[in-house]
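Q: Need coordinates for the below:
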Amino acid sequence: MILDLNINKTKAIHSIIDLIEAIKTNADLNMNEHPNYIEHCDKLKKILITLLEIKEEIIIPMNEGELYVREHVLPNGDTYEFAWSIPLLERLIKNNGGTVIRKKYKIGEVISFVDYGGLENDRFDFALQNTKPIYVIDYAASDLSIMIDGNHRVASRYRVFEDAEMLIPGIFIPADIHIKSMATNHQRIVFRVLSNGNRIYKYLKMLSEGTKTKKPKLFNMDSFL
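A: Residues are numbered from 1 along each chain as shown. Next up is the predicted model:
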């Protein structure tokens with residue numbers, strides 16, 4: 001399905017272009033390393049400008065089941081919406097068993113990940129009995145971990161047992177895997193751009209503050225030019 005860009009996404013892409021330009025021109029960032037990322041920032045801006053000229057294409061089956069939707073809020077208040085196909089993500093987990101990380105999470109560790117706006121009280125009883133692992137992803141666009149499947153499982157256990165030490169099975173999914181379950185071509189590209197911009201800025205800022213850190217791992221963007 002092909003979609004015209006709505007006004008909110010158009011505004012958000014323009015705002016992301018401004019963010020990338022701000023990284024490029026920020027004189028307070030580490031000047032030794034900063035020049036090494038100017039070309040990459042120009043590349044990210046060029047990709048975003050191209051996105052404004054092409055339609056958004058939904059590239060997952062629309063009859064395949066649950067989507068998790070999250071608004072990414074930019075510093076100026078503009079928002080860009082990402083959506084992940086949970087059935088597609090489950091197949092990616094199965095096919096990348098050596099890359100995803102299976103672990104036990106403490107309820108107190110993940111309760112802050114719960115999206116309370118999406119909770120439905122009539123699902124709590126089932127969720128309490130549900131032993132399926134929760135899915136936590138590397139949300140590299142903001143340097144966070146977020147939960148995209150398991151809100152009711154975590155919230156129901158916390159409500160009933162009030163035990164922050166209680167363990168729940170989970171799977172941590174790196175960005176280069178979960179990005180393949182995003183709903184549209186635009187979303188997958190914008191997420192990469194935001195992630196690279198965020199990682200570059202964080203790296204240069206840490207260096208400028210005198211903190212030693214590793215060079216950022218960036219998505220390869222050459223195929224999008």
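Q: where exactly do the helices run in this protein?
A: Assigned by DSSP state H, the chain shows helices spanning 7-25, 38-51, 86-95, 107-110, 124-129, 151-161, 175-178, 185-208.
Q: Residue 71 is nearest to which of those?
A: Among those, the nearest to residue 71 by C-beta to C-beta is helix 7-25 (9.5 Å). For every residue, glycine as well, the C-beta is placed using N, CA and C.
Q: List the contacts of residue 200.
A: By C-beta atoms under 8 Å, 6 or more residues apart in numbering, residue 200 lies in contact with 23, 37, 40-41, 216, 218.
Q: Report the central residue of the protein.
A: The centre of the chain sits closest to residue 139, judged by C-alpha atoms, centre = their mean, with a distance of 3.3 Å.
Q: partners of that one in the sheet?
A: Beta-bridge pairing for residue 139 (DSSP bridges): residue 144.
Q: so it touches residue 172, yeah?
A: No. Assessed by C-beta atoms under 8 Å, residue 139 is found out of contact with residue 172, at 11.3 Å.
Q: Compare the contacts of residue 200 and tell me which is most surrounded.
A: In terms of neighbours by other C-beta atoms under 10 Å, those top out with residue 37 at 24 neighbours.
Q: What sits closest to it if chain neighbours are left out?
A: Among residues not flanking residue 37 along the chain, residue 200 sits closest, at 5.0 Å (C-beta to C-beta, 6 or more residues apart in numbering).
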